[in-house]
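# A structural model of the following input is requested.
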Amino acid sequence: MCVEQIIEISKGLLTPLIAIVATYIAWQQWQTTRQKLNLEKYDRRLHVYEEVRKILSIILRDAGASTDDLLKFITSASEADFLFGPDITEYIDQIYKRGLNLWKWNQQYRDYTQEIPEGYDHNKVVDGMHKELTWFSEQFDSAKEKFKKHLDISK
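Numbers count the residues shown, from 1 in each chain. Next comes the predicted model:
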């Protein structure tokens with residue numbers, strides 16, 4: 001085999017080699033883009049989870065939340081519709097609705113220093129507040145479990 005034949009064979013192999021390298025580079029770029037999208041999705045999901053924990057903290061700290069706090073929560077968590085399945089969306093709606101219920105009970109509550117309106121049932125109001133606060137106090141672990149499958153990066 002002479003040098004000219006080796007050069008001709010090398011020229012013939014160069015084109016497929018370039019094609020293989022180009023394909024490998026394109027595949028690596030696709031992998032990098034996919035990982036970047038997953039990271040961005042994770043960041044956005046984590047933000048929603050942090051908003052859930054924030055409103056739970058406010059409610060448990062103050063034994064309630066203002067309507068402003070609840071509106072900020074539902075607005076900042078509105079992205080959940082597009083990042084999670086219906087389970088998380090329903091859970092966020094439930095937190096919001098129960099937060100409004102607790103706000104309503106807090107608005108109705110009267111202590112001994114306040115004028116008692118006609119038809120006021122103190123036990124009903126206190127039971128309603130207790131029911132909602134008990135539910136909220138159980139939500140830190142529950143929220144963690146609900147979000148875990150969406151935020152677990154150990155896979």
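# pLDDT weak spots in this structure?
For the chain, the stretches with pLDDT under 70 are 1, 155.
# show me the longest helix that occurs in it.
Among the segments of the chain that qualify as a helix by DSSP state H, the longest is helix 3-62.
# return whichever helix or strand comes after it as CSV; C-alpha atoms alone will do.
Per DSSP states H and E, the first helix or strand lying C-terminal to helix 3-62 is helix 67-76. Listed in CSV are the C-alpha atoms of helix 67-76, where the atom choice follows Å, rounded to 0.1, in the frame of the first residue of the first chain:
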residue,chain,number,x,y,z
THR,A,67,-56.9,39.4,52.7
ASP,A,68,-53.9,41.2,51.4
ASP,A,69,-51.6,38.3,52.4
LEU,A,70,-54.0,35.8,50.9
LEU,A,71,-54.2,37.8,47.6
LYS,A,72,-50.4,38.1,47.4
PHE,A,73,-50.2,34.3,48.0
ILE,A,74,-52.7,33.3,45.4
THR,A,75,-51.2,35.7,42.9
SER,A,76,-47.6,34.6,43.5
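# okay, the angle between helix 67-76 and helix 3-62?
Computed with axes from the mean of the first three to the mean of the last three C-alpha atoms, to 10 degrees, the direction of helix 67-76 lies at 160 degrees from that of helix 3-62.
# counting contacts, what elements does helix 67-76 pack onto?
helix 3-62, helix 86-108 (3 or more C-beta pairs under 8 Å, 6 or more residues apart in numbering; DSSP states H and E). From N, CA and C alone the C-beta is placed, and that goes for glycine too.
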